[in-house]
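Enquirer: here is the input, now give the coordinates:
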Amino acid sequence: METTHYGAPRDTAPRKPGAWHNWAGNVTARPVRNATPASVDELRAVVRQAAEDGLAVKAVGSGHSFAAVAATDGVLIRPDLLTGIRAIDRQAGTVTVEAGTRLKTLNAALAREGLSLTNMGDIMEQTVSGATSTGTHGTGRASGAIAAQIRGLELVTADGSLLRCSETENPDVFAAARIGLGALGVVSALTFAVEPLFLLAAREEPMTFDEVTAAFDELHATNDHFEFYWFPHTDNCTILRNNRTGGPPAPLGRIREWFDDEFLSNGVFQALSSLGRTVPAAVPTIARLASRGLSARTYTDIPYKVFTSPRRVRMIEMEYAVPREALLDTLRELKSMVERSDLRVGFPVEVRTTPADDITLSTASGRDSAYIAVHVYRGAPYQRYFTRAERIFVAHEGRPHWGKLHTRDAGQLADVYPRFGEFTALRDRLDPDRRFSNPYLRRVLGD
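Expert: Model prediction:
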């Protein structure tokens, strides 16, 4: 298949310096200059010029990380023109895509070709390189994070060289760069495993906290993809089960989809969240209303239309991966902490799982994992909630999501990542002058 480019017309002139903000608005960067390379050769030239000028380099995706993983006061690379599918290899079952391509664009293009990723997260606005570099994941009994589906990648290293990596070519770099945090170089292209397009039967329904925790092991074992939301200040949960099916397709009707996903989950929830930020005492009542707002529903559709949903209510998030066997104890401690405190938590807590993988700094590296994500509405206080939640997560050998808020540093992270030293040694080799470093990476990886 010929390369298809999506996005703005070619314009490689350096952009006028200005502030960059992430999606949530909690991270701001003021680079010396912005660069928008339109080819790998131009990207390599940008990196080489930055080295000559003694400037740090960071590539930014769509800005959906809550951590300052991509912030820089040097050269900020924007991937707007590095987009499109390079090639589809049906025999090998792979697709090669430029690093700046949005997941939304990739999913739609693959569907038109009768193909799909095996698993994905719950939003599609991220770039493929940003999503994989920070460890974006969905939920799955046997299918892991998006990065676990990578079969090859291209990396522009600190001297402007182009390094191709796979299980057979530079395998040590491949093991680490699939979730590289931007610390090893700038990803220019990714090759993903794909499979023939399939259908998922989705079933969403309410369940109490005690019911879902009592049945968790069975629910996990008997569903391809299982997750649930618990609404603090209540005993109410919503569970989601997605399983492969032979069909027939039975997508949601346009009116039902709009009412549930746009009107209730975004419009009404936005209004309720704003009210809770203004009147914190109302949060428990709002939580009860929100937890009962969505009724049970079932539908059958292609994967990305089941896995993903619009997320327009802006929030701040922390997420930790704990060993899957520690999930229930961790979650019960979190619930007890909220109930004993004077905290007012207006966002649901999200719980997902993935199997172990072999990626050096994956949150699931070497162990089956469960994820607990805590959120607050943007502009609402979160420090006390996140501090207390993090204390619980850490006590259960939690690993923080690289793209979300946490306070861990390199010394602490080395204790929960058996291959941490392997990653930092590779960083020393590929980027000895720390061309790709920033304050966040110095904290989590060391100097």
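
Enquirer: so which residues of the stretch 51-200 of the chain form helices?
Expert: Assigned by DSSP state H, counting those that start in this stretch, the stretch 51-200 of the chain shows helices spanning 103-112, 128-133, 171-177.

Enquirer: which helices and strands sit right next to the one helix or strand in the chain whose mean pLDDT sits lowest?
Expert: Within the chain, no helix or strand scores below helix 254-257, which has a mean of 84 by mean pLDDT, DSSP states H and E. Helices and strands in packing contact with helix 254-257 are not found; criterion 3 or more Cβ pairs under 8 Å, 6 or more residues apart in numbering; DSSP states H and E. The C-beta positions use only the backbone N, C-alpha and C, and glycine is treated the same way.

Enquirer: contact partners of that helix?
Expert: 251, 297 (Cβ atoms under 8 Å, 6 or more residues apart in numbering).

Enquirer: how far does that helix sit from the chain's center?
Expert: The chain centre lies 27 Å from the centre of helix 254-257; the measure is Cα atoms, centre = their mean, to the nearest Å.

Enquirer: quick one: name whatever helix or strand follows that helix.
Expert: Toward the C-terminal end, the helix or strand that comes next after helix 254-257 (DSSP states H and E) is helix 269-278.

Enquirer: between the helix or strand that that following helix is followed by and helix 269-278, how big is the angle?
Expert: Using DSSP H and E, the helix or strand that follows helix 269-278 towards the C-terminus is helix 283-291. With axes from the mean of the first three to the mean of the last three Cα atoms, to 10 degrees defining the directions, helix 283-291 sits at 170 degrees from helix 269-278.

Enquirer: quick revisit: in CSV: the helices of the stretch 51-200 of the chain, plus mean neighbour count, distance to residue 243 and mean pLDDT.
Expert: Output for the helices of the stretch 51-200 of the chain, formatted as CSV (neighbours: other Cβ atoms under 10 Å; distance: least, Cβ to Cβ, whole Å; pLDDT from 0 to 100):
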stretch, mean neighbour count, distance to residue 243, mean pLDDT
helix 103-112, 19, 19, 97
helix 128-133, 28, 24, 97
helix 171-177, 21, 31, 97
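
Enquirer: so which of these gets nearest residue 251?
Expert: helix 103-112 (12.7 Å; Cβ to Cβ).

Enquirer: re the thing from before, and of the helices of the stretch 51-200 of the chain, who's closest to residue 340?
Expert: Nearest to residue 340, of these and by Cβ to Cβ, is helix 128-133 at 36.3 Å.

Enquirer: residue 321 and residue 138: what is the separation?
Expert: Distance check for residue 321 against residue 138: by Cβ to Cβ, to the nearest Å, it reads 13 Å.

Enquirer: residue 73 too?
Expert: For residue 73, the distance to residue 138 equals 34 Å [Cβ to Cβ].

Enquirer: comparing the two, which residue is more hemmed in?
Expert: residue 138 (24 against 14; other Cβ atoms under 10 Å).

Enquirer: follow-up on the earlier one: save the helices of the stretch 51-200 of the chain as CSV, and put in distance to residue 352 too.
Expert: Converted to CSV, these look like this (distance: least, Cβ to Cβ, whole Å):
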stretch, distance to residue 352
helix 103-112, 17
helix 128-133, 15
helix 171-177, 24
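
Enquirer: to residue 152, which of those helices lies closest?
Expert: Of the helices of the stretch 51-200 of the chain, nearest to residue 152 by Cβ to Cβ is helix 171-177, at 7.5 Å.

Enquirer: check which helices and strands that closest one sits against.
Expert: strand 150-156, strand 162-165, helix 420-430.

Enquirer: could those go into CSV alongside mean neighbour count and mean pLDDT?
Expert: Shown next, in CSV, are those (neighbours: other Cβ atoms under 10 Å; pLDDT from 0 to 100):
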stretch, mean neighbour count, mean pLDDT
strand 150-156, 23, 98
strand 162-165, 18, 98
helix 420-430, 17, 98
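
Enquirer: per-domain residue ranges of the protein.
Expert: As recorded under automatic domain parsing, the domains making up the chain are 20-196+420-445, 199-301+313-400.

Enquirer: in stretch 194-213, what's buried?
Expert: Along stretch 194-213, these residues count as buried under the neighbour rule (16 or more other Cβ atoms under 10 Å): 194, 199-202, 204, 207, 209, 212-213.

Enquirer: for the residue at the greatest distance from the centre of the chain, list the residues it contacts.
Expert: Centroid-distance maximum for the chain: residue 52 at 33.2 Å, with Cα atoms, centre = their mean. Counting by Cβ under 8 Å, 6+ apart, residue 52 makes contact with nothing.

Enquirer: how close does it get to residue 161?
Expert: In this structure, residue 52 and residue 161 are 15 Å apart, going by Cβ to Cβ.

Enquirer: do residue 177 as well
Expert: 14 Å.

Enquirer: pLDDT weak spots in the stretch 1-150 of the chain?
Expert: For the stretch 1-150 of the chain, the stretches with pLDDT under 70 are 1-17.

Enquirer: hey, where'd the strands end up in it?
Expert: Remark: strands assigned in the stretch 1-150 of the chain by DSSP state E, counting those that start in this stretch are 20-21, 28-29, 33-35, 57-59, 75-77, 85-89, 94-98, 115-116, 150-156.

Enquirer: mind giving me the packing neighbours of the fourth one?
Expert: If you count contacts as 3+ Cβ pairs under 8 Å, 6+ apart, strand 57-59 packs onto helix 40-53, strand 75-77, strand 186-193.

Enquirer: one more time with 6 Å, if that's ok
Expert: Contacts defined by 3 or more Cβ pairs under 6 Å, 6 or more residues apart in numbering; DSSP states H and E place strand 57-59 against strand 75-77.

Enquirer: pull the distance from the strand it packs on to the chain's centre.
Expert: 21 Å.

Enquirer: now do stretch 227-243
Expert: The answer for stretch 227-243 is 20 Å, by Cα atoms, centre = their mean.

Enquirer: which residues sit against stretch 200-212?
Expert: Identification of contacts with stretch 200-212 by Cβ atoms under 6 Å, 6 or more residues apart in numbering yields 228, 230, 235, 237-243, 245, 296-300, 303, 306.

Enquirer: average pLDDT for it?
Expert: For stretch 200-212, the mean pLDDT works out to 97.

Enquirer: repeat for stretch 381-400
Expert: Averaged across stretch 381-400, the pLDDT comes to 98.

Enquirer: CA atoms only: put that stretch into PDB for me.
Expert: In PDB, the C-alpha atoms belonging to stretch 381-400 read as follows (Å, rounded to 0.1, in the frame of the first residue of the first chain):
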ATOM      1  CA  PRO A 381      -7.600  20.100  44.600                       C
ATOM      2  CA  TYR A 382      -6.000  16.800  44.100                       C
ATOM      3  CA  GLN A 383      -2.800  16.700  46.200                       C
ATOM      4  CA  ARG A 384      -4.200  15.200  49.400                       C
ATOM      5  CA  TYR A 385      -6.200  12.500  47.500                       C
ATOM      6  CA  PHE A 386      -3.300  11.600  45.200                       C
ATOM      7  CA  THR A 387      -0.800  11.600  48.100                       C
ATOM      8  CA  ARG A 388      -2.900   9.200  50.200                       C
ATOM      9  CA  ALA A 389      -3.700   7.000  47.200                       C
ATOM     10  CA  GLU A 390      -0.100   6.800  46.100                       C
ATOM     11  CA  ARG A 391       1.000   5.700  49.600                       C
ATOM     12  CA  ILE A 392      -1.400   2.700  49.300                       C
ATOM     13  CA  PHE A 393      -0.200   1.900  45.800                       C
ATOM     14  CA  VAL A 394       3.400   2.000  46.700                       C
ATOM     15  CA  ALA A 395       2.800  -0.300  49.700                       C
ATOM     16  CA  HIS A 396       1.600  -2.900  47.200                       C
ATOM     17  CA  GLU A 397       4.700  -2.600  44.900                       C
ATOM     18  CA  GLY A 398       2.900  -0.300  42.600                       C
ATOM     19  CA  ARG A 399       4.500   1.100  39.400                       C
ATOM     20  CA  PRO A 400       3.300   4.500  38.300                       C
END
